[in-house]
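S.K.: Test case, fold it:
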Amino acid sequence: MRTNRWAAAVIAVLTLLLGTLAQPGSAAEGRPFTNPIKSQKGADPWLEYYNGNYYLVTTSFTNELTMRKSPTLAGLATTPSIRVWQDTTSGRNWNFWAPEIHFFDGKWYLYYSAGQRGSPCCDSQRTHVLESAGSDPMGPYTYKNTLTGSNLTPGGWLIDASVLRHNNRLYLLGSGFIGGSTQSLVIAPLSNPYTLSSSTFTIISSPTLSWETSGNPVNEGPEPLYHDGRTFLTFSASSCQTPDYKLGQLELTGSDPLNPASWTKKQTPVFQRSDANGVYGPGHNGFFTSPDGTENWIVYHGNNTANGGCGNGRTTRAQKFTWNADGTPNFGTPVRLGATLAGPSGETAATPTAYTLVNRNSGKCLEVAGGNPADGANVAQWTCNGGAKQRWRIQDQADDTSRLVNVATGKVLDTADCSTADGADLRQWSWLNNKCQRFRLVFTGTGDYVRIVNANSGKVADVADCGTADGTDVRQWTWLNKTCQQWRLQPTT
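M.R.: Numbering: from 1, shown residues only. So this is what the prediction gives:
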């Protein structure tokens, strides 16, 4: 009997030890980062983690949309903005707002608001949707449809679209007016990601509480959040012109999302200004999960001052959130800018600090010849070697362009004499803050290749005569869709 008791005790101890050893360790914290993760044109952010990278898209106020891509959240602060869509079609080619990407059946759908160039801001805003050719969030995209409702006023005005999934059906959410309503949250069913199955929208929330009416009564920016079988909907309330722009919350407590009675509004805001932390007007958010799927994160915009308003001064911020004991989200308090935070758990890649630009035709890298520090030093291609003269920091200039700063010399890529002619030389020069030193990076539709478009001439960085030899000159030329005019952005640390 004593032997049996002793054996049982040993087995119990071994079982406890083995069980302890078998427990998985806590997930490693991600790379440290500081907010903002986008300091230029950072309003209305949408962020997705997909296939090893974060993808961030924000409001542009122009006729183009740019996207940032990085393997770490920290890297979004310095990674280049790449144009993924531009529209010149009359009636829908200005004031691009609130873009979001959603993945359905192997393709991405990009939803955004846009209006007519030159019309009074912003009576002509409508919702538009693009479709990707494949599974790359960068595209390429094609225009699919305008989404609006017959009962929306004035004339179909609809902004801040998002997509709700419920019981294997899709619904379009947005912000608009019906009849004489205040600006409210509205919903309609979709038959597919780009087609409404009913042209009639229904209001599911209007600004009736005091905290929803600062400046103007507003409900906008609806964003679904799913957790443990429950569906929540955050939204932005009050005027974005005020520091009291903030987040409210609905929960789907009924069975029919189209029935206003199915939604229950929380009577107090869930995320709002923090004077102590210097954050004003936090709102228009999105949600994403950490790379390992264990953490929930919120991305949002905010102002640094109480009078920041609705313009490009708003910056993109992110922080982790938790869940209350009753199963509702707890977003906490907006964190102070400049505070170092642990990144999302499961990040394993290094944060890029610069890029090499690899020509698609030759496989060689853009470099300052010989690492010469002088103004006017030539820029050519050379076998890639990882040297500082082949590394470039790509810095956002707040107008959808970037300057390319050579790591070795600190000088920028420049078009000689601001020429607009084919064949004009690309060289380096001290920063003079002119358009011939600014470039747009435009996605070519393949891999990580872009064309490097001069903001002054509209012409692209081109390897002379498509040469493949070391030292072949790089110049500007009219875009001909040749591989020697395409460059891969290769991150370096």
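S.K.: Any idea which residue is closest to the centre of the protein?
M.R.: Residue closest to the average C-alpha location in the chain (Cα atoms, centre = their mean): L56, at 1.8 Å.
S.K.: Grab the nearest non-local neighbour of L173.
M.R.: P222 (4.3 Å; Cβ to Cβ, 6 or more residues apart in numbering). Using the backbone N, CA and C atoms, a C-beta is placed for each residue, glycine as well.
S.K.: Same question for L341.
M.R.: Using Cβ to Cβ, 6+ apart and skipping residues adjacent in sequence, the residue nearest L341 is F33, 6.0 Å away.
S.K.: any idea whether the one you found is helix, strand or coil?
M.R.: The three-state assignment at F33 reads strand, by DSSP: H, G, I helix; E, B strand; the rest coil.
S.K.: Could I get the pLDDT score of it?
M.R.: Per-residue pLDDT puts F33 at 97.
S.K.: tally of neighbours for it?
M.R.: 22 (other Cβ atoms under 10 Å).
S.K.: mind checking how far it is from P352?
M.R.: Separation of F33 from P352 (Cβ to Cβ, to the nearest Å) stands at 13 Å.
S.K.: overlap in contacts of the two?
M.R.: T72 (Cβ atoms under 8 Å, 6 or more residues apart in numbering).
S.K.: Tell me who's in contact with C466.
M.R.: Here C466 is in contact with 361-362, 482-484 (Cβ under 8 Å, 6+ apart).
S.K.: try 7 Å
M.R.: C466 sits next to 361, 482, 484 when contact means Cβ atoms under 7 Å, 6 or more residues apart in numbering.
S.K.: Would you check how far apart the last one and K265 are?
M.R.: To K265, C484 is 58 Å away according to Cβ to Cβ.
S.K.: Between those two, which has more neighbouring residues?
M.R.: Taking neighbours as other Cβ under 10 Å, C484 and K265 compare with C484 leading, 22 against 19.
S.K.: before we move on, back to that, quick one, what contacts the residue nearest to L341?
M.R.: Per Cβ under 7 Å, 6+ apart, neighbours of F33: 73-74, 341, 343.
S.K.: what's the answer for V129, then?
M.R.: V129 touches 109-111, 144-145, 147, 193-194, counting by Cβ under 7 Å, 6+ apart.
S.K.: surely C384 meets L366?
M.R.: No - judged on Cβ atoms under 7 Å, C384 makes no contact with L366 at a distance of 9.6 Å.
S.K.: which neighbours do those two share?
M.R.: In contact with both C384 and L366: Q390, using Cβ under 7 Å, 6+ apart.
S.K.: Which of these two has more residues huddled nearby?
M.R.: For C384 versus L366, the count of surrounding residues by other Cβ under 10 Å is larger for L366: 27 against 17.
S.K.: Do me a favour and average the pLDDT over the helix or strand that contains the more buried one.
M.R.: Under the criterion of DSSP states H and E, L366 resides in strand 365-368. Strand 365-368 shows a mean pLDDT of 98.
S.K.: ok, residues contacting the helix or strand following it?
M.R.: Counting by DSSP H and E, the next helix or strand C-terminal to strand 365-368 is strand 379-382. Outside strand 379-382, the residues that touch it by Cβ under 7 Å, 6+ apart are 359, 362, 364-369, 390, 413, 426-428, 463, 470-474.
S.K.: Check the offset of stretch 376-389 from the chain's centre.
M.R.: Relative to its chain's centre, stretch 376-389 lies at 31 Å (Cα atoms, centre = their mean, to the nearest Å).
S.K.: scratch that, stretch 442-454 is what I was asking about
M.R.: Going by Cα atoms, centre = their mean, where stretch 442-454 is centred and where its chain is centred differ by 18 Å.
S.K.: Please save the CA atoms from that stretch in PDB.
M.R.: Taking Å, rounded to 0.1, in the frame of the first residue of the first chain, the C-alpha atoms of stretch 442-454 are listed here in PDB:
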ATOM      1  CA  VAL A 442       3.800  54.300 -58.400                       C
ATOM      2  CA  PHE A 443       3.000  50.600 -58.100                       C
ATOM      3  CA  THR A 444       3.500  48.800 -61.400                       C
ATOM      4  CA  GLY A 445       1.200  46.000 -60.600                       C
ATOM      5  CA  THR A 446       3.900  43.300 -60.200                       C
ATOM      6  CA  GLY A 447       5.700  42.300 -57.000                       C
ATOM      7  CA  ASP A 448       7.400  45.200 -55.200                       C
ATOM      8  CA  TYR A 449       8.300  47.000 -58.400                       C
ATOM      9  CA  VAL A 450       7.500  50.700 -58.700                       C
ATOM     10  CA  ARG A 451       8.200  53.400 -61.200                       C
ATOM     11  CA  ILE A 452      10.000  56.400 -59.800                       C
ATOM     12  CA  VAL A 453       8.200  59.500 -61.300                       C
ATOM     13  CA  ASN A 454       9.600  63.000 -61.000                       C
END
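S.K.: Quick check: buried residues in it?
M.R.: Using 16 or more other Cβ atoms under 10 Å as the test for burial, stretch 442-454 gives 442-445, 448-454.
S.K.: that older thread, quick one: buried ones out of the contacts of strand 379-382?
M.R.: When the contacts of strand 379-382 are checked for burial by 16+ other Cβ under 10 Å, the buried set is 359, 362, 364-369, 390, 413, 426-428, 463, 472-474.
S.K.: For the strand holding L366, which outside residues touch it?
M.R.: The contact list for strand 365-368 (Cβ under 7 Å, 6+ apart) reads 356-358, 377, 379-382, 384, 389-390, 406, 408-409, 428, 474, 487.
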